[in-house]
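>>> Curious how this folds, go ahead:
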Amino acid sequence: MAYPIPNNIPRNTGKTLNAILWAMQILVALAILAAAGAKLAGSPKMVEEFQKIGLGQWFRHVTAVLEVAVALALVFPRTAFYGAALLALVMSGAVVAHLAVLGVATAMPAVVLLILAGTIACFRRAR
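Prediction:
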């Protein structure tokens, strides 16, 4: 049985979705820049977390540089998908680190950013 296509769907749905995605991208970019800034500035909390992870402070710097790259990529239309995909990868590692080493209670920001990055990547992928 074929279902009829409803003709009462608003015509500006694409524009609304695009505006929501841009708002998400900008907010996520700002959040990631703040996190990268804390890592690059050597915030005692960040230094302690990366010490607990056990990979050394060089990994804190690499993570911060990746986060800055992601934030920049998210604000340009041609690179937004790649920024979101890279952020999803970085946040996947962060979720694993939090769950395995740092504690489940501290994982929520990484989980939220992973979900947002996945959503952005899904809608910004090349068609």
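>>> quick one: which helix or strand includes residue 42?
Residue 42 is part of no helix or strand, with elements assigned from DSSP states H and E.
>>> err, residue 62, not the other one
Using DSSP H and E, residue 62 falls within helix 57-74.
>>> That helix: how far from the chain's middle?
Relative to its chain's centre, helix 57-74 lies at 11 Å (C-alpha atoms, centre = their mean, to the nearest Å).
>>> helices or strands up against it?
Judged by 3 or more C-beta pairs under 8 Å, 6 or more residues apart in numbering; DSSP states H and E, helix 57-74 is in contact with helix 13-40, helix 44-53, helix 80-97. Where you see a C-beta, it was placed from the backbone N, CA and C, and this is true even at glycine.
>>> show me where pLDDT drops low in the protein?
Judged against pLDDT under 70, the low-scoring parts of the chain cover residues 1-13, 126-127.
>>> coming back round to it: buried residues, the helix holding residue 62. List them.
60, 63, 64, 66, 67, 68, 69, 70, 71, 73, 74 (16 or more other C-beta atoms under 10 Å).
>>> Reformat the helices and strands packed on helix 57-74 as a markdown table; add distance to residue 115.
Formatted as a markdown table, the helices and strands packed on helix 57-74 follow (distance: least, C-beta to C-beta, whole Å):
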| stretch | distance to residue 115 |
| --- | --- |
| helix 13-40 | 10 |
| helix 44-53 | 21 |
| helix 80-97 | 9 |
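>>> Mean neighbour count, these: which tops it?
helix 80-97 (a mean of 20; mean count of other C-beta atoms under 10 Å).
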